[in-house]
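> Predicted structure and sequence below. I'll ask about it afterward.
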Amino acid sequence: MTTDNEFSTDRRQKQARNLVLIALIVGLLGTVLGIVFGISAGTLVGPDFWLISLLGIVTGVLTLLLILKPTLATSVIAGSLTIYFAIHLNAGAIVLYRATGEIVRLIPYVIWLFPTRYFSPFHEFWFL
């Protein structure tokens, strides 16, 4: 017989897996949209292409890992995703600033850094 505490833990684990899956799907969709619109606008060259492609590879591998080993969702996958997005956003901001020299265009990167920082699994455990 299962206790209420076990049911609550299982439910939280399932919710966490779903949340991580949503974040991975958003990353994959962002990759597809970035490549499609970047190629159609003719602006996807050099570091931009590699940065967006790397996002697709990382999120694709983590999505596959989530499907094959769902128990890793709240530990390994969520932590890896958080660390990757923090690095990715900083690298994207650096590439954009070096290409344009306009600080105003960095606002989306700064805005995305806040949810990456405060909704990460490390914030709950006081690692960052």
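Okay, I see it.
> Centre of the chain to stretch 30-47, how far?
Chain-centre distance of stretch 30-47: 18 Å, with C-alpha atoms, centre = their mean, to the nearest Å.
> Where does T43 sit: helix, strand or coil?
Following DSSP: H, G, I helix; E, B strand; the rest coil, we place T43 in the coil state.
> Burial check on it, number of neighbours?
Around T43 there are 11 other residues, counting by other C-beta atoms under 10 Å. All C-beta atoms are positioned from the backbone trio N, CA, C, and that covers glycine.
> Which strands or helices does the helix or strand harbouring W50 pack on?
Secondary structure from DSSP states H and E places W50 in helix 47-68. Other elements packing on helix 47-68 under the criterion 3 or more C-beta pairs under 8 Å, 6 or more residues apart in numbering; DSSP states H and E are helix 4-41, helix 78-100.
> In this structure G92 contacts L106, no?
No - between G92 and L106 there is no contact under C-beta atoms under 8 Å: 9.2 Å.
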